[in-house]
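K.L.:
Okay, here's the prediction I keep looking at, along with the sequence it came from:
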Amino acid sequence: MNSIKIVRNLPRQWRSFSRCSILQQEVLQAAQPLSVPVPEGVDKPVSPKIEKLFTEITSLNLLEVSELSQVLKKRLNLPDAPVMPMGGFAMAPVAAQEDEEAATPKAVKTSFTVKMTKFDDKQKVALIKEVKSLLEGFNLVQAKKFVESVPTVVKADISKDEAEKLKEALSKVGAVIEIE
């Protein structure tokens, strides 16, 4: 009889043992020490692998460094980067700069930006309709949001005559336009 009782209690005992072992594992995992974040201004600890690479690279001479650089550029498909001068950019003499400015003709501005700075509230509906018709891809809702987001750029990189036509059309319906 006792043996039957023991056999019947075995699954129950096994479950409680299993639960205890799982809880014990969870407790052990929770007891693992947490890593403390590195405070600002202090260098982060470096892995031993990186430290080893650093010491090996710093022990190379200039020819070996050049060869390493070429191999890395080739295998990683890196573009050649321009080399920065040691002292930064040198200041050009002011007189030489003025001579260059006098020798080169002033550049003629070929692209302009049309900017709407404000509009007349009484003519808002007419302005929205005009923006919808002048700007491609705008529906009525987009044109309304565009007008209400003033100041905004209407068009950029356009010719002077196109900018003048746009300014004239929008000025007729109450917009204040600047051409830059």
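P.N.:
Received, thanks. Treat the numbers as computed from the prediction; the structure is a model and nothing was measured.
K.L.:
show me where pLDDT drops low in the chain?
P.N.:
Low-confidence regions of the chain, defined here as pLDDT under 70, cover residues 1-14, 17, 20, 30-36, 81-108.
K.L.:
now with 90?
P.N.:
1-48, 50, 53-54, 57-58, 60, 62-180 (pLDDT under 90).
K.L.:
And the strands in it?
P.N.:
112-119, 152-158, 175-179 (DSSP state E).
K.L.:
Relative to Arg19, how far out is the closest residue to Lys132 other than its chain neighbours?
P.N.:
Leaving out its chain neighbours, the residue that sits closest to Lys132 by C-beta to C-beta, 6 or more residues apart in numbering is Ala143, at 4.0 Å. The way it works is simple: take the backbone N, C-alpha and C, and place the C-beta from them, glycine included. With distances taken as C-beta to C-beta, to the nearest Å, Ala143 is found 67 Å from Arg19.
K.L.:
Tell me which residues touch Val38, please.
P.N.:
With contacts defined as C-beta atoms under 8 Å, 6 or more residues apart in numbering, Val38 is in contact with Lys44, Pro45.
K.L.:
Please tell me how far it sits from Ile50.
P.N.:
15 Å.
K.L.:
do Gln25 as well
P.N.:
Taken as C-beta to C-beta, the span from Gln25 to Ile50 is 33 Å.
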